[in-house]
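# sharing a sequence plus its predicted fold:
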Amino acid sequence: MNGETMTKETTDEAAMPRPLLELRDLAISFKTGNGDVDAVRKANLTILPGETVAIVGESGSGKSTTALAAIGLLPRNGRVAGGTMLFDGEDITHASEKRMIELRGSSIGMVPQDPMSNLNPVWNIGFQVKETLRANALPHQKKDVAKVLTEAGLPRAEERANQYPHEFSGGMRQRALIAIGLSCRPRLLIADEPTSALDVTVQRQILDHLDTMTTDLGTAVLLITHDLGLAAERAHKVVVMYKGQVVEAGPAVELLTNPRHPYTQRLVSSAPSLASRRIESAKERGQASDEVLANEESTGSDDVIEVRNLVKNYKIRGELGKSTEFRAVDDVSFSIKRGTTTAVVGESGSGKSTVAKMVLGLEDASEGSILFDGVDLTSLSRKEMFAFRRRVQPIFQDPFGSLDPMYNIFRTIEEPLRVHRIGNAKEREKKVRALLDQVALPASMMQRFPNELSGGQRQRVAIARALALDPEVVICDEAVSALDVLVQAQVLNLLADLQTELGLSYLFITHDLAVVRQIADHVCVMEKGQLVESGSTDDVFDAPQTEYTRSLLDAIPGAGLMLPPEVA
Amino acid sequence: MPENTKNMPTVRGAKISKYPIEHFVADPEDTPIQATDSAVSTEAPVSLWLEAWRNLRTQPLFLISAFLILAVIFVALFPGLFTNEQPNAQCMLANSDGGPAPGHPLGFTQQGCDILARVMYGTQSSLTIGLFATLSIVVFGGTIGAVSGFFGGWVDAVLARLGDIFFALPLILGAIVVVQIPFFRENRNVWTIVLILAAFGWPQIARITRAAVIEVRDADFVIAARSLGVSRTGALVRHVIPNSLAPVIVIATISLGVFIVAESTLSYLGIGLPPDVMSWGNDIFSAKSSLRSNPMALFWPALALSLTVLSFIMLGDALQDALDPKARKR
C-alpha cells in the first residue's frame, strides 16, 4: 500500500518522463510439491529511460525472479499472481507469448549470469551473435556481427567471431554475451549478476565497458547483484530485496550512507570492504590483538608452516603426444606464524589453490619443501603422514559439495574421530555435541542431512568436522566466497572466535581482498604462479608495493564508496 | 584511510539521476527480519533416500509397477495358493488342448496340463533367474566398474578393455555358444543359466558404475575425507560408492526384466532350462506347435512374461525420476 501511493506521486511529477519499466505490487508464486510458495510479494520498481537500477539481495530474495518475470521467462511452475507490469506504458502482465517474443531482444535484452554455460559450445561466437540479429530481423552480414562484437570490446572481432566459446576466457565470453544482449539496441538491458563469476580486475573492465555502452546508447539497465558495493557504484537507484519483498529503495549513495530499514542497515554494516578492519575477537576477550601478535613474535620464529621455494609443474598434452610443462606454482616461499592468519590472494589461475593442496599433502611438490613444525612433509612415511593429517585440516569453498549427501551431520562430524580411532561411541557423541556447540549449531541438527541445511549451516558443519581432530592449522580454500554477505560475516566471526579460543593458525586462500582485510594478519599476493607481494595486512593494503596489488585493490567494487561507520 | 586515497579514486561511479528518486522504506512490521541463517527447525530429518521415497510413493507409475512386482513375488513364493493342481503330476492327455473347465479356468495345454498351474509355478524359475543374475552383475560388474573408475590409469585400461570384449558379444549368441560346453550341457539348471546370463551382462553395469564413480570421485567431500586421513579404499567404499548407487539401481531394475526375457528366449530356443523345469519360456516353446488349435496355451505364459518384464522396466523408469541427480540439487 505504501508503494502504491509512492508510484502515484511519481507519475504526478510533471517533469518525469514515462517510466520504461514499472512493476506495481508484483506478486509471483511457484507451484511446488508442498503447495504454492510466494517468491515475490508486493514488489514495486520503476526504471526511467536511460537509468540504471540495481536490485540487491541475498540468494532466495526473489531478485532474479522479479527480473525474469519482466521478460516473461519465469520457470514453468512460476506465475504472476498479482500486480501489474508495464513496459513503456504497455501492460505486459499477461501479454501473449508472441508479444513477449517481439519484445525480447529488440526491446528488452538480457545478459545472463554464468558466461561458462550460457554460450552454446558447438557453435562459434559469430554464429550466436548472428542468430540474435536474424531473430530480430536486423542485418546479419559478417561485418554486422563483427561490428557488434567490436562494440562490446572484443579485439580483432572479425577473427574472433570464428572462434568457439571454449577458446574464450571468462571475461571474453561475458563480453560476447553483452554483445549479444545489446546487439539489437534494446531499450532495457537486464543484467543478472553479469560479473559474479569473474575476477575483480576483469569484472571492473566489463562493468566499465557496459557502463560506457549503455550510456552511449541510452539503454536503461536493470542490474541484479548480491554485492552492495557494486550496486552503489554502478546504479542510480538501488532496490534492496529480502525474502521476496522490497524493503528499501532509493538513490544509491544515500541508501548506502543512510540506510533506514533494519535489514539494509545490517547489510551495510556487514558488507566487507577495504575500510573494514581485522575482526578482533581477541580484543573482546580483554586482550588486544596487537599483544597477541607481539607475544607470537617474542617467542621467536614460531612458524607452524614454512613453505620454501615451492614449485609445481603440471604436464599438459601438446601436439603429437609431446607433453609440455606448465608451471602452476613458481618459487613460492612464505610462512605461517602460530595462532595467526596468513592469506594467499590471487585471481583464478594464480596457483593459490595448488599451494593449498600441496600444504594439505594432497599434491606432491615438484620442487622446494614444506616444513610443518620444522619437519619436511616430503620426508614423511605413510604412517607419519596419517598423523600429520590430524594436525592440518581443510575447509572447502563449495558448501554444497564438501559434505557427503548420504551422511547425516552426526556421521559427517564423527567420521574423522572414527578414522583416527578416538574414544568410544559415547565419547565421540559427546565430542560431536561439543563441536556443534562451538560452531553455534543446535544439537538437534545431528540427525539432519546436508540437503536440509543452508549454505552457511553446511559451512559451519564443515568447520566442525575440520575441528574434530583438534588441528593446529586450518586451510580455508575460498571458505566463505559462496556465501551471502550476512552469512559470510557470521562465518568469518566464528572463524575469528575459534582462532582465539583454540589458538588456531589459518591459511586463507581467497580471491576477495575485502575478506582478507577482515581476517588476515599477513597477506601473500600471487599472480600467475608467482608470489608478487607479501607482508602484513595493513602494509599491503595501505601501501601496496606492486602495480598488480594496486590494480586488485582498485578493482574492488565500491572501494571508494564504502566508508567505515565512524567516518560516514 | 587518508594514506591510500592517492591509490584509489575517492568516489568512483556514484551515478546521480537527473530526476528525483524518493527513498522508500518498507514498514519493518511488514518485513520482519529473521535471524541470519537460523538453524532451528522442527521438521523430521530427511535423508536423500527418504526424500526419493516420498517422491516415489506419489508416482502412479511406481505404484502400479510396485503392485505388479509384489504380486509376482507373492506368486513365486506361494504358487500353491493360486491353484489346486500340481502342475506336472496331473497332466492327462485326455484333457489335451481342452478349454476352460471347472477348476481349470485357463484350460489345458497340448499335453493336458493345467495352464494356470504351469503359469503360476513357472513364475518361480523366471524370477529366480532374473533376481540372481541381476544380483551377480551388480556385485561383480559394480565392483569392477567402481575399481576401474576410482583408480583409473592402467587398472582402468585393463578392466575397461576386458569389459569391452564381453560387451561386444551379443548375450544370446554368447549364451548359445557357452551352453555347448560339455559342463553346461550336462548341468542345465537355474544356476547355470544365471551364470551364463551374468557372464555376458556384467559389462553394462560396470560401465554405468564406472561413469558414476568418476563423477563422484573428485567431489570435495571425497577430498575432505582423504585429508581427514581416510584411505583411498576407505573413501571409495564409504563415500564414493554410496553416492554412485542411484544410476546402478535404475539400470539393475531394468536389467532384471531383461534377464527374465533372456531366460525365456534361451528356453524357447531349447538351450535354456531343461523341459522338465517349469518356466514361461519352455511353455511358450511347447505351445508353439498348437498355436492354431489352442492359442491360449501360448497367450497366458506370454502375458505373464510381458507383465512381469513391463513392471520391472516401469519401476526402473520411476526410480530414475526419483533418483535423478539433477532433481536432487533442488
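Perfect, I can see it now. Residues are numbered from 1 along each chain as shown, chains lettered A, B, ... in the order given.

# any buried residues in the helix or strand where B:I241 lies, and which?
Counting by DSSP states H and E, the element that carries B:I241 is helix B:241-268. Under the neighbour-count criterion of 16 or more other CB atoms under 10 Å in any protein chain shown, helix B:241-268 has B:241-248, B:250-268 buried. Quick note: C-beta positions are derived from backbone N, CA and C, even for glycine.

# endpoint to endpoint, stretch A:474-488 covers what distance?
End-to-end distance for stretch A:474-488, by CA to CA, to the nearest Å: 17 Å.

# swap in stretch A:44-59?
Terminal residues of stretch A:44-59 are spaced 19 Å apart (CA to CA).

# just how off-centre is it within its chain?
With CA atoms, centre = their mean, to the nearest Å as the basis, stretch A:44-59 stands 20 Å off its chain's centre.

# the stretch 151-300 of chain A against chain B: which residues are in contact?
By CB under 8 Å from any CB of the partner chain, the residues of the stretch 151-300 of chain A that approach chain B are A:211, A:232-237, A:242-243, A:245-255, A:260-263, A:266, A:274-275.

# any of those residues buried? List them.
A:211, A:232-237, A:242-243, A:245-253, A:255, A:260-263, A:266, A:274-275.

# show me these that map onto strands.
Among these, the members falling in strands (DSSP state E) are A:237, A:242, A:245-251.

# which of the residues you listed sits closest to chain B?
Nearest to chain B among these is A:G250, at 3.5 Å by CB to the nearest CB.

# contacting residues for the closest one?
Applying CB atoms under 8 Å, 6 or more residues apart in numbering or on different chains, we find A:G250 in contact with A:237-238, B:21-25.

# of those, grab the buried ones for ChimeraX.
Buried subset of the contacts of A:G250, written as a ChimeraX selection, criterion 16+ other CB under 10 Å:
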select /A:237,238 /B:21,24,25
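
# report the buried residues of the helix or strand B:L303 falls within.
Here B:L303, judged by DSSP H and E, is contained in helix B:296-323. By neighbour count on 16+ other CB under 10 Å, the buried set for helix B:296-323 is B:296-298, B:300-302, B:304-305, B:308-309, B:311-320, B:322-323.

# correct me, but A:H140 touches A:G126?
No. The criterion here is CB atoms under 8 Å, and A:H140 misses it with A:G126 at 9.9 Å.

# looking at the two, which is more packed in?
Neighbours were counted for A:H140 and for A:G126 using other CB atoms under 10 Å in any protein chain shown; A:G126 has more, 22 against 19.

# next up, phi/psi of A:C524, please.
phi -120, psi 130 (degrees, to the nearest 10).

# give me the neighbour count for it.
A:C524, neighbours per other CB under 10 Å, totals 25.

# from A:I224, how far off is B:R210?
41 Å (CB to CB, to the nearest Å).

# do B:A252 as well
Distance, B:A252 to A:I224, using CB to CB: 44 Å.

# what does A:D538 give?
35 Å.

# returning to what we had before: pLDDT added to the ones in strands among the buried ones among the residues of the stretch 151-300 of chain A next to chain B, as JSON lines?
Formatted as JSON lines, these follow (pLDDT from 0 to 100):
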{"residue": "A:K237", "pLDDT": "90"}
{"residue": "A:Y242", "pLDDT": "88"}
{"residue": "A:Q245", "pLDDT": "88"}
{"residue": "A:V246", "pLDDT": "90"}
{"residue": "A:V247", "pLDDT": "90"}
{"residue": "A:E248", "pLDDT": "90"}
{"residue": "A:A249", "pLDDT": "90"}
{"residue": "A:G250", "pLDDT": "88"}
{"residue": "A:P251", "pLDDT": "88"}
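
# how about residue 138: what's its closest non-neighbour residue?
Since no chain was named, I'll use chain A. Computed as CB to CB, 6 or more residues apart in numbering or on different chains, the closest residue to A:L138 that is not its neighbour in sequence is A:C184, at 6.1 Å.

# that's the wrong chain, I meant chain B
Leaving aside its sequence neighbours, B:V138 sits nearest to B:A252 (CB to CB, 6+ apart; 5.1 Å).

# what do you get for A:Y242?
In this structure, A:Y242 finds its nearest non-sequential neighbour in A:Y263, 4.9 Å apart by CB to CB, 6+ apart.

# what residues are up against that neighbour?
Counted by CB under 8 Å, 6+ apart, A:Y263 has contacts A:240, A:242, A:247-248, B:31, B:33.

# return the member of the residues you listed nearest to B:K15.
A:V240 (17.1 Å; CB to CB).

# count the neighbours of the closest one for me.
28.

# does it sit in a helix, a strand or a coil?
Using DSSP: H, G, I helix; E, B strand; the rest coil, the structure places A:V240 in strand.

# mind listing the residues bridging to it?
Note on A:V240: beta-bridge partners A:V56, A:E248, judged by DSSP bridges.

# would you agree it is in contact with A:R266?
No. Using CB under 8 Å, A:V240 makes no contact with A:R266, being 10.6 Å away.

# residues touching B:L195, list them.
B:L195 makes contact with B:S136 under the criterion CB under 8 Å, 6+ apart.

# list the buried residues for the helix or strand harbouring it?
Using DSSP H and E, B:L195 falls within helix B:190-217. Residues B:190, B:192-194, B:196-210, B:212-214, B:216-217 are the ones in helix B:190-217 that count as buried (16+ other CB under 10 Å).

# what about chain A, any weak spots by pLDDT?
A:1-15, A:33-34, A:272-278, A:280-301, A:317-322, A:558-568 (pLDDT under 70).

# no, scratch that, I was asking about the stretch 201-330 of chain B
For the stretch 201-330 of chain B, applying pLDDT under 70 flags the ranges B:324-330.

# chain A contacts on that one?
Counting by CB under 8 Å from any CB, the stretch 201-330 of chain B comes close to chain A at B:219-221, B:223-230, B:234, B:238-239, B:242-243, B:328-330.

# mind giving me the ChimeraX select for these, buried ones only?
Typed into ChimeraX, the line below selects the buried ones among these, using 16+ other CB under 10 Å:
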select /B:219,220,221,223,224,225,226,227,228,229,230,234,238,239,242,243
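
# which ones among the residues of the stretch 201-330 of chain B next to chain A lie within helices?
Of the positions in those, B:220-221, B:223-227, B:234, B:242-243, B:328 sit in helices, assigned by DSSP state H.

# hmm, A:F30 is touching A:G60, no?
No. Here A:F30 does not reach A:G60: they are 11.7 Å apart, not a contact under CB under 8 Å.

# which one's more surrounded, these two?
A:F30 (18 against 15).

# got phi/psi on residue 105?
Just so you know, I chose chain A. According to degrees, to the nearest 10, A:G105 has phi 90, psi -60.

# try again with chain B
According to degrees, to the nearest 10, B:P105 has phi -60, psi -30.

# nearest residue to it in space, please, no chain neighbours.
B:L116 (5.9 Å).

# circling back: the residue nearest to A:L138 touches A:S106, doesn't it?
Yes. Contact criterion CB under 8 Å: A:C184 and A:S106 qualify, at 4.8 Å.

# quick check: neighbours shared by those two?
A:N136.

# so what's the residue of the stretch 51-200 of chain B found nearest chain A up against?
Per CB to the nearest CB, B:E51 is where the stretch 51-200 of chain B lies closest to chain A, at 7.1 Å. B:E51 sits next to A:N451 when contact means CB under 8 Å, 6+ apart.
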